[in-house]
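Peer 1: Provided below for reference: sequence and predicted model.
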Amino acid sequence: MERRNFIKNSALAMALLSIYKTDVFAQHELFRAYNFKPLRNDVGIFIEQGGTIGWLNSSNGFVVVDAQFPTTAPHVIEELKKLGEKPFKYLINTHHHGDHTAGNISFKGLAEKVVAHQNSLVNQKKGAEKANNLDKQLLPDTTFGTKWSAKVGNENIKAYYYGSGHTNGDAVYHFEHANIVHVGDLVFNRKFPYIDRENGAHIGNWITALDKIQNQFDNDTLFIWGHSLDPEKVTGNKADVKAYQNYLQNLLTFVGGEIKAGKSKEDILKATTIPNAPEWQGEGIQRSLTAAYDELKGA
């Protein structure tokens with residue numbers, strides 16, 4: 001009897017699998033393209049395309065950190081709504097880049113407040129005007145200089161600005177009760193970073209900002225990264241912050257040494273790895289090398 005049931009159930013499973021293989025819509029339900037994942041104390045992450053989204057499901061409302069794209073933001077909204085009928089208290093941006101803010105528009109009429117550093121607002125508006133798509137933006141209506149805070153349910157959220165880093169408008173957001181910090185693109189985990197000098201990036205100050213982050217938060221703090229070489233490793237600890245800081249320091253040391261040795265910019269850009277930082281991989285090493293060269297040459 002048990003063998004007959006096993007064969008029967010196996011045949012049914014195979015039949016269902018064959019149906020799903022030929023049904024695109026069913027495949028979508030079986031294998032979601034995104035990951036909506038709780039971390040701890042009602043704070044979680046959402047991964048699909050673009051910068052990692054952080055979220056808070058508090059007793060009296062939701063908070064969302066970054067918004068990816070208009071095609072993906074509705075998915076995190078949909079998942080949060082499954083957790084209860086509550087208002088979206090805050091949409092928060094870590095900085096202005098489109099893979100973090102293009103999805104803001106999906107929160108129009110939904111988020112009570114949109115928060116970002118004051119430079120992030122300037123950069124987002126400037127970029128939208130240049131691209132002639134200001135009508136497709138939801139701009140921050142609440143900005144700050146060095147600090148901002150809000151209480152949502154049992155959670156205290158605090159924002160900190162450490163000066164220029166990845167841009168001149170990057171802020172980190174600390175969910176104090178959960179002890180989780182979303183650092184946005186101030187950390188690229190084992191992935192060559194984008195260094196936006198056009199919008200105020202500065203590697204030297206970025207290194208200092210990472211020092212401040214390590215000093216401010218403790219060994220139990222869980223960090224959310226904007227991007228990671230391994231898309232499953234978008235969270236980590238202070239050791240990962242230190243490792244990324246070392247990458248930036250090694251980048252400046254290497255490029256500075258090459259300049260001192262009389263190497264041309266063209267020669268320097270031929271490098272395929274940064275000495276003493278072999279873990280940093282992927283596409284875009286030339287972006288790092290170019291940014292370091294221009295910064296050191298005062299361009």
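Peer 2: Yep, it's here. If you're wondering where the values come from, they're calculated on a predicted model, not measured in any experiment.
Peer 1: only C-alpha atoms for contact and neighbour calcs from this point on.
Peer 2: Noted.
Peer 1: Just give the closest residue to L269, not the sequence neighbours.
Peer 2: Distance criterion CA to CA, 6 or more residues apart in numbering; nearest residue to L269, sequence neighbours excluded, is Q286 at 5.7 Å.
Peer 1: and the one you found, what element?
Peer 2: Per DSSP states H and E: Q286 is located in helix 285-297.
Peer 1: and what of T143?
Peer 2: Taking DSSP H and E as the criterion, T143 maps to strand 142-144.
Peer 1: Contact partners for the residue nearest the centre of the chain?
Peer 2: Geometric centre of the chain, nearest residue: G226, 1.9 Å, by CA atoms, centre = their mean. Contacts for G226 were tallied using CA atoms under 8 Å, 6 or more residues apart in numbering; they are G51, T52, I53, H182, V183, G184, D185, L186, V187, F188, V234.
Peer 1: What's the local residue count around G298?
Peer 2: When neighbours are defined as other CA atoms under 10 Å, G298 has 7 of them.
Peer 1: now H100
Peer 2: Neighbour count for H100, taken as other CA under 10 Å: 26.
Peer 1: same thing with P87?
Peer 2: Counted with other CA under 10 Å, P87 comes out at 14.
Peer 1: any idea how far it lies from A299?
Peer 2: Distance of P87 to A299, given as CA to CA, to the nearest Å: 47 Å.
Peer 1: Against which helices or strands is the host helix or strand of D267 packed?
Peer 2: Assigned by DSSP H and E, D267 falls within helix 265-268. Other helices and strands packing on helix 265-268, by 3 or more CA pairs under 8 Å, 6 or more residues apart in numbering; DSSP states H and E, are helix 285-297.
Peer 1: The helix it packs on - contacts with which helices or strands?
Peer 2: helix 238-260, helix 265-268.
Peer 1: Reformat those as JSON lines; add distance to G103, mean neighbour count and mean pLDDT.
Peer 2: Below are those laid out as JSON lines (distance: least, CA to CA, whole Å; neighbours: other CA atoms under 10 Å; pLDDT from 0 to 100):
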{"stretch": "helix 238-260", "distance to G103": "27", "mean neighbour count": "18", "mean pLDDT": "98"}
{"stretch": "helix 265-268", "distance to G103": "37", "mean neighbour count": "13", "mean pLDDT": "98"}
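Peer 1: between those, which gets nearest to V172?
Peer 2: Closest approach to V172 among the helices and strands packed on helix 285-297 is made by helix 238-260 (12.9 Å; CA to CA).
Peer 1: Can you check what angle separates the helix holding Q286 from helix 238-260?
Peer 2: Interaxial angle, helix 285-297 versus helix 238-260 (axes from the mean of the first three to the mean of the last three CA atoms, to 10 degrees): 60 degrees.
Peer 1: Number of residues surrounding Q216?
Peer 2: With other CA under 10 Å as criterion, Q216 counts 8.
Peer 1: That should have said A33, apologies.
Peer 2: A33 is flanked by 11 other residues according to other CA under 10 Å.
Peer 1: Now do it, the pLDDT please.
Peer 2: A33 carries a pLDDT score of 89 in this model.
Peer 1: Which residue is the nearest non-sequential neighbour of it?
Peer 2: Once flanking residues are discounted, A33 sits nearest to E48: 6.6 Å by CA to CA, 6+ apart.
Peer 1: Now for the one you found, how many residues are close by?
Peer 2: Count around E48 with other CA under 10 Å applied: 20.
Peer 1: and it, backbone torsions?
Peer 2: Note on E48: its backbone torsions stand at phi -150, psi -80 [degrees, to the nearest 10].
Peer 1: Surely it touches T72?
Peer 2: Yes. Shown here, E48 and T72 form a contact pair, counting by CA atoms under 8 Å, at 6.8 Å.
Peer 1: where's G44 relative to N156, distance?
Peer 2: According to CA to CA, G44 stands 15 Å off from N156.
Peer 1: typo on my end, it should be I105
Peer 2: 26 Å.
Peer 1: So the two - more neighbours on which side?
Peer 2: Set side by side, I105 and N156 show more neighbours around I105, with 20 against 15, by other CA under 10 Å.
Peer 1: Find the nearest non-adjacent residue to that one, please.
Peer 2: That would be L138: by CA to CA, 6+ apart, it lies 4.8 Å from I105.
Peer 1: other SSEs contacting the strand holding T143?
Peer 2: Counting contacts by 3+ CA pairs under 8 Å, 6+ apart, strand 142-144 packs against strand 111-117, helix 118-131.
Peer 1: Now the very next helix or strand once past it: average pLDDT?
Peer 2: Under the assignment DSSP H and E, the closest C-terminal helix or strand after strand 142-144 is strand 147-152. Strand 147-152 shows a mean pLDDT of 98.
Peer 1: Name the next helix or strand downstream of strand 147-152, please.
Peer 2: Counting by DSSP H and E, the next helix or strand C-terminal to strand 147-152 is strand 155-161.
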